[in-house]
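A.B. asks: take this sequence and fold it.
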Amino acid sequence: MINREDSAVIKSLNELKTEEEGTIISYNNEEVELKRHLLGMGFVKGAKIKLEKIAPLGDPIKIKIKGYSMSLRKNEAKNIILRVN
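C.D. replies: Predicted coordinates for the structure are as follows:
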C-alpha cells in the first residue's frame, strides 16, 4: 500500500476490504493471457470496482464492476492495481 500526496491510496484488488471501492489504474503482471482475459471482462483502466464480499475461506472474492457482479480468484485480483480514495 502506497500513500500519495493527493490522499489517494494505491492497492491491489486483493487488498481491498468489504465495501471498499477503487478505480483501476494499471496491471501488476504483464502476463498477456491474464491481461487479455481481464480486459475482456471489463477490467479496463478507469473502471470503478467495489469489493462486495469475501468467501468464508478468503478466496474467491465477489466484486462489482460496470454494473454487474462477478467472482475472481485472489491470484488474479492481486494483479489489478487500484486508486482508493
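A.B. asks: just the buried residues of the longest helix along the chain, please?
C.D. replies: Longest helix in the chain, counting residues (DSSP state H): helix 32-40. Neighbour counts over helix 32-40 (16 or more other Cβ atoms under 10 Å) mark Leu38 as buried. The way it works is simple: take the backbone N, C-alpha and C, and place the C-beta from them, glycine included.
A.B. asks: what is the rounded mean pLDDT of that helix?
C.D. replies: For helix 32-40, mean pLDDT is 85.
A.B. asks: and what of stretch 9-25?
C.D. replies: For stretch 9-25, mean pLDDT is 93.
A.B. asks: now stretch 58-66
C.D. replies: On average, stretch 58-66 scores 92.
A.B. asks: quick one: residues in contact with that stretch.
C.D. replies: For stretch 58-66, contacts defined as Cβ atoms under 8 Å, 6 or more residues apart in numbering pick out 13-14, 41-43, 47-55, 69-74, 77.
A.B. asks: report the buried members of those.
C.D. replies: 13-14, 43, 49, 51, 54, 72, 74, 77.
A.B. asks: now secondary structure and distance to Ile61 too, for those, in JSON lines please.
C.D. replies: Output for those, formatted as JSON lines (DSSP: H, G, I helix; E, B strand; the rest coil; distance: Cβ to Cβ, whole Å):
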{"residue": "Leu13", "secondary structure": "helix", "distance to Ile61": "8"}
{"residue": "Asn14", "secondary structure": "helix", "distance to Ile61": "7"}
{"residue": "Phe43", "secondary structure": "coil", "distance to Ile61": "13"}
{"residue": "Ile49", "secondary structure": "strand", "distance to Ile61": "10"}
{"residue": "Leu51", "secondary structure": "strand", "distance to Ile61": "6"}
{"residue": "Ile54", "secondary structure": "strand", "distance to Ile61": "5"}
{"residue": "Leu72", "secondary structure": "strand", "distance to Ile61": "6"}
{"residue": "Lys74", "secondary structure": "helix", "distance to Ile61": "7"}
{"residue": "Ala77", "secondary structure": "helix", "distance to Ile61": "6"}
